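K.L.:
Got a sequence here, can you model it:
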Amino acid sequence: QNINDELPEENVIARTIYSPFDEGEVVGQLVLFLDQDEIKSTINQSLFYVVTPTVIQTVFAAIVLLLVLFFLVRPRIKLLVEQINLVKADFGETLISHEKDKHNEIGLLTSYINDLILNMFKSLETERELRRQQEIQKRQYHSILNNTNTCIFTFDSNGLVLSSNKACGDCTLTPNVEASLEEINFVERLAGKDNQIRVIIEKAIREQEEVRFELQVGDQENQPKRWLQVNLTPIDDGIMQGVMNDITDLKNESQAAKMTARIDPLTQIGNRLGMTEKLTELLSWVSQGEGSITVMMIDLDHFKQVNDTHGHEAGDDVLKQVTRRLTQCVRESDYLARMGGDEFVILLKNAPKPISERIATEINDRVGSKIFISDTVSVTVGASIGIYIAEKGSQVSAKELMDSADQKMYDIKQSGRNNFGFFEG
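P.N.:
The predicted structure is shown next:
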């Protein structure tokens with residue numbers, strides 16, 4: 001008990017001993033006194049004998065591993081790196097894998113790198129092909145752009161030309177100008193003093209909208225007149241693309257076709273369509289109080305006999321000669337047309353009754369004279385003329401005017417022929 005009192009409680013382990021025959025009877029007490037210093041000494045000795053061999057083994061294994069890496073793996077990795085540096089991956093070359101490395105990490109690494117090289121090569125080939133196609137398309141585009149007769153250009157919101165093709169050098173953007181295209185203001189050059197065209201262009205730029213128009217240029221500094229068709233299209237913020245074609249030939253052909261459709265092929269004077277349009281134009285002019293017009297309806301006398309006796313070829317010759325004689329009777333400002341068969345119409349501007357009478361008299365004299373259809377054969381025809389004068393400010397319709405003149409012509413033909421008369425409304 002005294003010893004137990006001298007030791008710390010944590011160094012003593014005590015257990016009560018009970019009788020095996022009577023669980024409640026205490027027969028003794030077992031007390032253990034622990035020597036902590038001895039226990040610690042024993043533990044340290046045990047750790048030394050266990051840990052030291054383990055550390056030695058680990059260090060030895062590490063040294064062996066390093067030696068293996070240095071003498072066996074390092075040369076192979078070095079060789080692999082050298083191959084990587086020398087291989088032409090962009091031409092599809094791959095690394096060489098040694099037979100002994102096929103199933104180890106070096107072989108797996110080589111295989112992985114080769115897969116990367118092949119994928120990269122395929123990507124490069126695809127990119128090369130795309131670049132090649134792009135270059136071909138670019139050359140085709142530039143070839144078309146620079147060899148077309150169409151003027152193609154771009155300009156900014158201020159009207160300054162940004163780019164253009166060769167055709168623009170021959171169009172209205174550049175004639176007799178020292179500056180380069182990039183120093184030219186498209187709006188000023190094209191619109192000039194034409195405010196209507198200027199408004200169209202400026203509105204297209206301002207509202208970034210597509211617009212198409214035609215305009216005539218030239219007549220300045222001895223430049224011939226030309227017709228241009230212009231298409232303007234927005235392609236970027238404030239940037240417009242212009243496409244301009246010279247349509248002068250097309251306009252001339254269209255005008256020629258229009259004229260041909262209004263010309264009598266036999267006599268080369270106006271036909272019914274041409275006369276109708278001209279009469280409509282003049283009646284509008286008359287209704288606005290600009291002047292007066294005189295309409296002469298002419299029907300040839302005895303013309304059917306010429307055809308019946310001498311044939312249609314002779315009849316055509318007579319019509320041509322009559323046309324020349326009628327042309328000699330009218331002024332340059334007057335309009336002469338053949339309505340078909342042997343009927344003609346003359347439209348006279350500002351020809352009061354005395355002038356109209358003089359012209360009608362001359363027509364009767366000239367047309368009534370002999371017409372030679374060969375060196376020895378001549379025929380005689382006449383001209384029955386019905387005349388209607390539409391005074392300044394008159395609101396008469398074309399039908400009323402033509403019907404009245406035609407009625408008067410019929411009256412003249414019934415009363416003796418080769419004469420004229422005025423319709424009195």
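
K.L.:
Show the pLDDT at residue 100.
P.N.:
Listed pLDDT for residue 100 reads 66.

K.L.:
And the one 10 residues further on, by the same measure?
P.N.:
According to the model's per-residue confidence, residue 110 sits at a pLDDT of 76.

K.L.:
For residue 337, see how far away it is.
P.N.:
Distance of residue 110 to residue 337, given as Cβ to Cβ, to the nearest Å: 97 Å. The way it works is simple: take the backbone N, C-alpha and C, and place the C-beta from them, glycine included.

K.L.:
do residue 300 as well
P.N.:
Applying Cβ to Cβ, the value for residue 300 to residue 337 is 14 Å.

K.L.:
right, and the helix or strand after the helix ranked longest in the chain?
P.N.:
In the chain, taking DSSP state H as the definition, the longest helix is helix 105-147. Remark: after helix 105-147, the chain's next helix or strand is strand 151-155, criterion DSSP states H and E.

K.L.:
which secondary structure elements does that following strand contact?
P.N.:
Secondary-structure packing of strand 151-155 (3 or more Cβ pairs under 8 Å, 6 or more residues apart in numbering; DSSP states H and E): strand 161-164, helix 186-191, strand 239-246.

K.L.:
what about the strands in the chain?
P.N.:
12-18, 26-33, 151-155, 161-164, 211-217, 226-236, 239-246, 293-301, 335-340, 343-349, 371-372, 378-379, 382-390, 420-422 (DSSP state E).

K.L.:
With mean pLDDT as added columns, please give those strands in JSON lines.
P.N.:
Compiled in JSON lines, the strands of the chain are given as follows (pLDDT from 0 to 100):
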{"stretch": "strand 12-18", "mean pLDDT": "79"}
{"stretch": "strand 26-33", "mean pLDDT": "77"}
{"stretch": "strand 151-155", "mean pLDDT": "86"}
{"stretch": "strand 161-164", "mean pLDDT": "82"}
{"stretch": "strand 211-217", "mean pLDDT": "86"}
{"stretch": "strand 226-236", "mean pLDDT": "88"}
{"stretch": "strand 239-246", "mean pLDDT": "88"}
{"stretch": "strand 293-301", "mean pLDDT": "96"}
{"stretch": "strand 335-340", "mean pLDDT": "95"}
{"stretch": "strand 343-349", "mean pLDDT": "96"}
{"stretch": "strand 371-372", "mean pLDDT": "94"}
{"stretch": "strand 378-379", "mean pLDDT": "94"}
{"stretch": "strand 382-390", "mean pLDDT": "95"}
{"stretch": "strand 420-422", "mean pLDDT": "95"}
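
K.L.:
Ok, which of those strands comes nearest residue 270?
P.N.:
The minimum distance between residue 270 and the strands of the chain falls on strand 335-340, with 3.3 Å, by Cβ to Cβ.

K.L.:
Give me the buried positions along that closest one.
P.N.:
The neighbour-count check on strand 335-340 (16 or more other Cβ atoms under 10 Å) flags 335-339 as buried.

K.L.:
Return the list of helices and strands in contact with it.
P.N.:
For strand 335-340, the packing partners by 3+ Cβ pairs under 8 Å, 6+ apart come out as helix 272-287, helix 312-329, strand 343-349.

K.L.:
and the residue lying closest to residue 327 once chain neighbours are set aside, what are its bridge partners?
P.N.:
Using Cβ to Cβ, 6 or more residues apart in numbering and skipping residues adjacent in sequence, the residue nearest residue 327 is residue 336, 6.3 Å away. Beta bridges link residue 336 to residue 346, judged by DSSP bridges.

K.L.:
swap in the one 4 residues further on?
P.N.:
Residues in a beta bridge with residue 340, per DSSP bridges, are residue 343.

K.L.:
Stretch 313-322: how far from the chain's middle?
P.N.:
Remark: stretch 313-322 is offset 54 Å from the chain centroid, using Cα atoms, centre = their mean, to the nearest Å.

K.L.:
Same question for stretch 186-195.
P.N.:
23 Å.

K.L.:
State the mean pLDDT of it.
P.N.:
On average, stretch 186-195 scores 74.

K.L.:
buried sites along it?
P.N.:
Neighbour-count burial for stretch 186-195, counted by 16+ other Cβ under 10 Å, picks out 186-187, 189-191.

K.L.:
where does the stretch 301-425 of the chain have low pLDDT?
P.N.:
Counting by pLDDT under 70, the ranges of the stretch 301-425 of the chain that qualify are 425.

K.L.:
so how many other residues sit close to the nearest residue to residue 148 once chain neighbours are set aside?
P.N.:
Using Cβ to Cβ, 6+ apart and skipping the chain neighbours, the partner closest in space to residue 148 is residue 167 (6.1 Å). Number of residues near residue 167 (other Cβ atoms under 10 Å) recorded here: 20.

K.L.:
Contacts only, for the closest residue to residue 269 other than its chain neighbours.
P.N.:
In space, and not counting its chain neighbours, residue 269 is closest to residue 336: 4.9 Å by Cβ to Cβ, 6+ apart. Residues near residue 336 by Cβ atoms under 8 Å, 6 or more residues apart in numbering: 269-270, 323, 326-327, 330, 344-346.

K.L.:
and of those, the nearest to residue 404?
P.N.:
Checking those against residue 404 with Cβ to Cβ, the nearest one is residue 345 at 13.0 Å.

K.L.:
Show me what the longest helix of the chain is packed up against.
P.N.:
helix 74-86.
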